[in-house]
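In: sequence and predicted structure are below.
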There are 2 protein chains.
Amino acid sequence: MNFRQLEYFVAVAEARSISRAARELHIAQPPVSRQLALLEDELGVCLFLRHNKGVELTEAGQRLYAQSRRMFQELRAMADSVRDVEAGLRGQLRVGMVYSDIQAAMDRLKEYHERFPQVELYVRLGSPDDLLDDLSRGKLHVLFLRGQSERAYGLREHVLGEDPLELVMCPERDPAPGAEAVPIQALEGVPMCLLRSDDLWGYSSDLLGACQRAGFTPNVVCQCYDTPMAMQMVQAGFGVSFLPRSIVAAHPGSPIYTKPVLGLDAKSYPILVWSGDPYQSGCVKRFLSLACQEWGGGSAPDGRGSEEDSG
Amino acid sequence: MNFRQLEYFVAVAEARSISRAARELHIAQPPVSRQLALLEDELGVCLFLRHNKGVELTEAGQRLYAQSRRMFQELRAMADSVRDVEAGLRGQLRVGMVYSDIQAAMDRLKEYHERFPQVELYVRLGSPDDLLDDLSRGKLHVLFLRGQSERAYGLREHVLGEDPLELVMCPERDPAPGAEAVPIQALEGVPMCLLRSDDLWGYSSDLLGACQRAGFTPNVVCQCYDTPMAMQMVQAGFGVSFLPRSIVAAHPGSPIYTKPVLGLDAKSYPILVWSGDPYQSGCVKRFLSLACQEWGGGSAPDGRGSEEDSG
DNA sequence: ATTAGATATATAAAAAAGGTATGGTGCTAT
DNA sequence: ATAGCACCATACCTTTTTTATATATCTAAT
């Protein structure tokens, strides 16, 4: 049983005549008779009652006709859906993000989802290490991270914006109450809850350097594994921290707030990271195309697979 | 898009290698490559990532694979169901019956339904005329009727049994109270509600002839269009009637009863009637086969299409 | 009776699929 | 480093399948 036979069969059933069907198919009549006969042989079933004035479906033929029509519809739908996957209108997009960037990532994913509602999203929260691992193994397609990602080769990145690094504190721990900004000297002796020293995000190094230059060693009372932990420590009154300003926005209703450190122009850069692998699925291409055209100001993506189609 | 192309595509997807798939298909490798390329060209989509150690499905390929598998399953199911229709395990059986035979017909239909539960039944009640019309037009497949059906050519019949014709009465109208049977003389003057004179069933003629031979003209107060109407007239006290004995069984809870007429050995024969048309659908063949083998004692069916398969 | 319209069969031409040979590419093992 | 291996793609030829042409048969209608 092959498609041609079913195709001819359906045509004959609709034309109620072999010769008429042949004319509509733009082929001669004998081939149609033959293919019909082959189909009937294979099924071991008579599909048409032949009489002089055309042919008529048997009951078995009626069933085959109904099912064949449905099958051809499904076939067309199948081809379309495959093309949709290729075009990035359908499929799966697997996204990783760090705690610091949940809000920004969500906003952007929402925008993407509104444009490509048929794409199934898969999201994962984790540390940069874990996320980069999954990226390189193909388990994730794109990551919302901070800072430079070129630690691993073969990665591409796109800067989405910038986020000033500021002092995070609760009112009781404010080193300069009432002031708009905190002078670096005011930090001497102030207990700090910074990110761990192998700081993957690179948040703390600027502050630590500034303190050294100001002539004192900062009082780091706690090294935190990740951003939300640091926030918790600040909120619990252990000390101040030094984090991207936007993070406070993700904790509404909390008494903590941020202030810049005077003269310290440190910044964190939210970036999008993806594999430099030349093959990217349609969904990823679309996503990156959207990201690089409409989000952030910075560099255009240089991954070969990210600028193919934009409609 | 070709049947063969999809077949090869699925094989390659499962073997994760073109050459391995070719070996499993017992053909050389280049044809498989070629068919794949044709399929990809037609869809305008790359389905596999080729690398040295075999191939890997792209996302579009994954979708096509999943859907193709489903489609092949449906194709097999389709072929099976078509064969089922031919075998009479599936399809439609359209049955007509007269009022007199509802009970017998139902019992037999139930038996048939238990053996062939997937067959959809269509049933119609009507006068013999109407039913025979529908039969000849192909709207019905088989009829449960009474008496001889050979009024129209090209019909086949099978006698299902016999049913004595007896006097039907309510107690107030019993012409021979207390007796087991009614002598023919006792009917002189007794009001009768017989079936109409163009009696399609042939029920009344025997009684009318017997009365004539006994030397009196029966007192027919009402001609009834059909059997249930005659029953209603009897029940309402208009008079007695002359009907198949089994009919009373179909009216449980009614005070009416039957008695034979002494010396009048009249009978009615429930028969199955069908078209002599050589083509009969599988369901009809099965039904007739069951009917002629297991129901009634009489003649075997002589329709060419009724004895093909019996398993 | 003859004609028109339908389906089936037979044979020749065309198209499609399969087979063989060959070349490129990236691992792997020597 | 290099030879060998496994894999896929391409070119070319052979075989099979499919189509077209011509012919035959049947039935209803003119």
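Out: Received it, and whenever you're ready, just let me know what you need.
In: report the buried residues of the helix or strand bottoming out on mean pLDDT in chain A.
Out: Counting by mean pLDDT, DSSP states H and E, chain A has its least confident helix or strand at helix A:246-249, which shows a mean of 78. Across helix A:246-249, burial judged by 16 or more other Cβ atoms under 10 Å in any protein chain shown covers A:S246, A:I247, A:V248. For glycine as for every other residue, the C-beta is placed from the backbone atoms N, C-alpha and C.
In: cool, stretch A:178-198 as well?
Out: Buried residues in stretch A:178-198 (16+ other Cβ under 10 Å): A:V182, A:I184, A:A186, A:L187, A:V190, A:M192, A:C193, A:L194, A:L195.
In: re the thing from before, next helix or strand past the least confident helix or strand of chain A?
Out: strand A:257-259 (DSSP states H and E).
In: what's the mean pLDDT across the following helix or strand past that next one?
Out: Remark: after strand A:257-259, the chain's next helix or strand is strand A:267-268, criterion DSSP H and E. Averaged over strand A:267-268, pLDDT sits at 84.
In: which is the next helix or strand following strand A:267-268?
Out: strand A:270-275.
In: re earlier: including distance to B:F216, could the buried residues of helix A:246-249 go into JSON lines?
Out: Formatted as JSON lines, those follow (distance: Cβ to Cβ, whole Å):
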{"residue": "A:S246", "distance to B:F216": "115"}
{"residue": "A:I247", "distance to B:F216": "115"}
{"residue": "A:V248", "distance to B:F216": "116"}
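In: still on that earlier bit, quick one: list the elements packing against the least confident helix or strand of chain A.
Out: Contacting helix A:246-249 under the criterion 3 or more Cβ pairs under 8 Å, 6 or more residues apart in numbering or on different chains; DSSP states H and E are the following elements: helix A:102-115, strand A:163-169.
In: give the buried residues for the shortest one.
Out: Judged by neighbour count (16+ other Cβ under 10 Å), strand A:163-169 contains these buried residues: A:D163, A:L165, A:E166, A:L167, A:V168, A:M169.
In: and the second one, how close does it get to B:S281?
Out: Which is A:L165. Using Cβ to Cβ, to the nearest Å, A:L165 is found at 82 Å from B:S281.
In: follow-up on the earlier one: and which of the buried residues of strand A:163-169 is nearest to chain B?
Out: Distance to chain B across these (Cβ to the nearest Cβ) is lowest for A:D163, with 33.1 Å.
In: let me see the backbone angles for the closest residue to that closest one other than its chain neighbours.
Out: Closest residue to A:D163 apart from its sequence neighbours, by Cβ to Cβ, 6 or more residues apart in numbering or on different chains: A:P244 at 4.1 Å. A:P244 adopts backbone torsions of phi -60, psi 140, taken as degrees, to the nearest 10.
In: contact residues of chain A facing DNA strand D?
Out: For chain A, the residues in contact with DNA strand D (Cβ under 7 Å from any atom of the strand) are A:2, A:4, A:26-31, A:34-35, A:38, A:52-53.
In: isn't A:A105 up against A:V142?
Out: No: the pair A:A105 / A:V142 is not scored as a contact, 9.6 Å apart, by Cβ atoms under 8 Å.
In: so what sits against both of those two?
Out: Listed as contacting both A:A105 and A:V142 by Cβ atoms under 8 Å, 6 or more residues apart in numbering or on different chains are A:V95.
In: which one's more surrounded, the two?
Out: A:V142 (26 against 23; other Cβ atoms under 10 Å in any protein chain shown).
In: surely the more buried one touches A:G96?
Out: Yes: look at A:V142 against A:G96 with Cβ under 8 Å: they come within range, at 7.5 Å.
In: identify the contacts common to those two.
Out: In contact with both A:V142 and A:G96: A:L135, using Cβ under 8 Å, 6+ apart.
In: residue boundaries of the helices in the stretch 1-150 of chain A?
Out: Under the criterion DSSP state H, counting those that start in this stretch, the stretch 1-150 of chain A contains helices at A:3-15, A:18-25, A:29-43, A:59-87, A:102-115, A:128-136.
In: let me see the domain layout of chain A.
Out: Split into domains by automatic domain parsing, chain A comes to A:3-85, A:88-161+A:269-306, A:163-268.
In: how about these in JSON lines, adding distance to B:L131?
Out: What follows is the domains of chain A, written out as JSON lines (distance: least, Cβ to Cβ, whole Å):
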{"stretch": "domain A:3-85", "distance to B:L131": "21"}
{"stretch": "domain A:88-161+A:269-306", "distance to B:L131": "55"}
{"stretch": "domain A:163-268", "distance to B:L131": "79"}
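In: what is the burial count for A:P255?
Out: As a burial measure, A:P255 scores 11 neighbours (other Cβ under 10 Å).
In: who's in contact with the closest residue to it other than its chain neighbours?
Out: Distance criterion Cβ to Cβ, 6+ apart; nearest residue to A:P255, sequence neighbours excluded, is A:C170 at 5.5 Å. A:C170 makes contacts with A:V234, A:Q235, A:G237, A:P255, A:I256, A:Y257, as judged by Cβ under 8 Å, 6+ apart.
In: highest neighbour count among those?
Out: Greatest neighbour count in the contacts of A:C170, by other Cβ under 10 Å, goes to A:V234: 28 neighbours.
In: that older thread, and the buried residues of stretch A:178-198, which is closest to DNA strand D?
Out: A:L195 (43.4 Å; Cβ to the nearest atom of the strand).
In: do you know how far the closest one is from A:Y225?
Out: 8 Å.
In: same question, A:E111
Out: 31 Å.
In: neighbour-wise, which of those two wins?
Out: A:E111 (14 against 10).
In: quick one: the more buried one from A:H141, how far?
Out: 17 Å.
In: what does A:S81 give?
Out: 20 Å.
In: so between these two, which is more surrounded?
Out: Neighbour count, other Cβ under 10 Å: between A:S81 and A:H141, A:H141 has more, with 21 against 18.
In: my guess is A:M192 contacts A:S241. True?
Out: Yes: counting by Cβ under 8 Å, A:M192 does reach A:S241; the two are 6.6 Å apart.
In: what stretches of the stretch 1-150 of chain A score poorly on pLDDT?
Out: A:148-150 (pLDDT under 70).
In: swap that for the stretch 151-300 of chain A, please
Out: Residue ranges of the stretch 151-300 of chain A with pLDDT under 70: A:151-153, A:197-202, A:250, A:297-300.
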